[in-house]
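Asks: Mind looking at a prediction? Sequence and model below.
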Amino acid sequence: MKKFALFCLTAGLSLTAVAAPETYVIDGSHTYPRFEYSHFGYSNQVSRFDKTSGTIVIDRAAKIGSVNVTIDTTSVNTGFPVFNDHLQGEDFFDTKKFPTITFKSSKLNFAGDKPSSVDGDLTIKGVTKPVRLDITSFHCMPHPMLKKDACGANAITKIKRTDFNNGKYAPYVGDEVTLTIAVEAIKQ
């Protein structure tokens, strides 16, 4: 009986070690949130943010995890410095009052062994709304240069600018915005 109890305890500890959550820190040099919107119906414009930080915690065995992302709104990059300044103004991101956009997850959803979406709260200009980011790709492997485990994903959602007090020129400049986050993170 003692051997059986010892076996159960050892097996339980082994399973706990396998199913432990892993923490990954977002790699700011390979993570670029992009936003796309219609510009007067002429074309879809795509811009990005150059500074992003945060953490991803995942337990693939238990199929749970969390995501926390902070985007520096002063790093908006349209490819045109004058337009970057325009978007940082009060009519749009108002970066003096709201220097960050945040996403904090409430639930990581899985399809089979891989995350398929993440639900959470997106905060822009002090307005918080629930969103679901659909994960279109997810891949983990040892990073060939850093010699540490790394994961990467692409996640996408659609939001309305007017929901976040950011609706200047809507509907001529599209109210609907596609937010895409290409993220890479390194295991700690």
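Replies: Sure, I can see it. Residues are numbered from 1 along each chain as shown.

Asks: For the helix or strand that contains Ser66, which helices and strands make contact with it?
Replies: Using DSSP states H and E, Ser66 sits within strand 64-72. Applying 3 or more CB pairs under 8 Å, 6 or more residues apart in numbering; DSSP states H and E, we find strand 64-72 packed against strand 52-59, strand 100-111, strand 114-124. C-beta: built from backbone N, CA, C; applies to glycine.

Asks: now could you export just the CA positions of that strand as PDB?
Replies: C-alpha atoms of strand 64-72 as PDB (Å, rounded to 0.1, in the frame of the first residue of the first chain):
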ATOM      1  CA  ILE A  64      -5.500  28.000 -19.900                       C
ATOM      2  CA  GLY A  65      -3.500  31.200 -20.000                       C
ATOM      3  CA  SER A  66      -3.500  35.000 -20.000                       C
ATOM      4  CA  VAL A  67      -2.300  37.800 -22.200                       C
ATOM      5  CA  ASN A  68      -1.400  41.300 -21.200                       C
ATOM      6  CA  VAL A  69      -0.300  43.700 -23.900                       C
ATOM      7  CA  THR A  70       0.600  47.400 -23.600                       C
ATOM      8  CA  ILE A  71       1.000  49.500 -26.800                       C
ATOM      9  CA  ASP A  72       2.800  52.800 -26.700                       C
END
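
Asks: Next, the angle from the helix or strand containing Thr180 to strand 114-124.
Replies: Assessed by DSSP H and E, Thr180 sits inside strand 176-187. Per axes from the mean of the first three to the mean of the last three CA atoms, to 10 degrees, the angle that strand 176-187 makes with strand 114-124 is 120 degrees.

Asks: so how far is strand 176-187 off the chain centroid?
Replies: Distance, stretch centre to chain centre, for strand 176-187: 5 Å (CA atoms, centre = their mean, to the nearest Å).

Asks: which of the residues in the strand ranked longest in the chain are buried?
Replies: Secondary structure of the chain per DSSP state E: the longest strand is strand 127-142. For strand 127-142, a neighbour-count test (16 or more other CB atoms under 10 Å) marks Val131, Arg132, Leu133, Ile135, Phe138, Cys140 as buried.

Asks: For Arg34, report the pLDDT, please.
Replies: On pLDDT, Arg34 comes in at 98.

Asks: How many residues are close by the closest residue to Val173 other than its chain neighbours?
Replies: Take Val173 and drop its neighbours on the chain: the residue closest to it by CB to CB, 6 or more residues apart in numbering is His39, 6.1 Å away. Residues lying near His39 (other CB atoms under 10 Å) number 13.
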